[in-house]
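> sequence and predicted structure are below.
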Amino acid sequence: MALEDIVNRVVGDAKKTADEIRDKARTEADQEMAEAKKKAESIKAGILTEVKAEAKREEKRILSLARLEARNVVLAQKRALIDGVFDEALEKLKLLTDEKYRRLLKKMLLKDEVEGDEELILSSEDRKKVGNGFIKELNSSLKTQGKKSDIKLSRETRDLGGGFVFKKGKVELNNSFFAMIETVREELETKIIDGLFGSGE
């Protein structure tokens, strides 16, 4: 066999081996790439799932906070409207004419469980409104009801904002307009809410 043939054969075998090694390397590289791609897709899918879940949780949290905030705003508005109704009622009582105011006070005084020998405390403004004959008129009405007729107008005055305080010894009965409204506020609020917003609001 000539040297050239031997060289050609060796070169051919080397080339064949090199091709086989290259093909094998390419196959392995393709497999590695496919596995890496599959793994990357899996990781990506896992991250996307977690991101979506976190986004959903955040959405729920934000919606919950928004609902709570909206509820608080509505409640604050309702409270402001209800307070406005009570404030307006107090203002209207203060704007009564002297005659209507005297009649209202007398009606309130006679309706109370009084014995007829208490001390009546008014605001300085109301003392002027009711006038001097008011106590005499009140005692006369108490006498007609069969009660004691010895109500006295106290020298003491208080900033009551309308209404009165009955005093006997150390015991006092606060019938200022503000105190009376606060006493029945819970009951009145239900009616006001129904009137302003309808039942079930």
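Perfect, I can see it now.
> contacts, neighbours, all on C-alpha from now
Will do.
> tell me the mean pLDDT for the helix or strand hosting A25?
Per DSSP states H and E, A25 falls inside helix 3-94. Average pLDDT, helix 3-94: 79.
> how many neighbouring residues does M108 have?
The local packing of M108 (other Cα atoms under 10 Å) involves 13 other residues.
> ok, then the element right after the helix or strand where it lies?
According to DSSP H and E, M108 maps onto helix 98-111. Next along the chain after helix 98-111, taking DSSP H and E as the criterion, comes strand 119-122.
> note down every partner strand of that following strand and its orientation.
If you go by DSSP bridges, strand 119-122 pairs up with strand 152-157 (parallel), strand 163-168 (antiparallel).
> now do the same contact list for the spatially most central residue of the chain.
Per Cα atoms, centre = their mean, the C-alpha nearest to the average position across the chain is that of N72, at 3.4 Å. With contact set as Cα atoms under 8 Å, 6 or more residues apart in numbering, N72 has no partners.
> any idea how far it lies from V85?
Look at N72 and V85: by Cα to Cα, to the nearest Å, they are 20 Å apart.
> and if you look at E172?
E172 is 28 Å from V85, by Cα to Cα.
> same thing with A40?
Counting by Cα to Cα - A40 and V85 are separated by 66 Å.
> same question for K37.
From K37 across to V85, the span is 71 Å (Cα to Cα).
> per-domain residue ranges of this structure.
Split into domains by automatic domain parsing, the chain comes to 1-95, 97-186.
> now render those as JSON lines, adding distance to D194.
Output for the domains of the chain, formatted as JSON lines (distance: least, Cα to Cα, whole Å):
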{"stretch": "domain 1-95", "distance to D194": "11"}
{"stretch": "domain 97-186", "distance to D194": "13"}
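> go through those and pick out the most buried.
For those, the largest average neighbour count (mean count of other Cα atoms under 10 Å) is found in domain 97-186, namely a mean of 16.
> contact partners of stretch 84-92?
Taking Cα under 8 Å, 6+ apart as the rule, stretch 84-92 contacts F177, F178, I181.
> what helix or strand does the last one sit in?
Meaning I181. I181 is part of helix 177-183 when elements are defined by DSSP H and E.
> if we can go back for a sec, tilt between the helix holding A25 and strand 163-168?
Angle, helix 3-94 to strand 163-168, by axes from the mean of the first three to the mean of the last three Cα atoms, to 10 degrees: 70 degrees.
> so how far is helix 3-94 off the chain centroid?
37 Å (Cα atoms, centre = their mean, to the nearest Å).
> report the angle between that helix and helix 98-111.
Using the same axes, to 10 degrees: helix 3-94 against helix 98-111 is 90 degrees.
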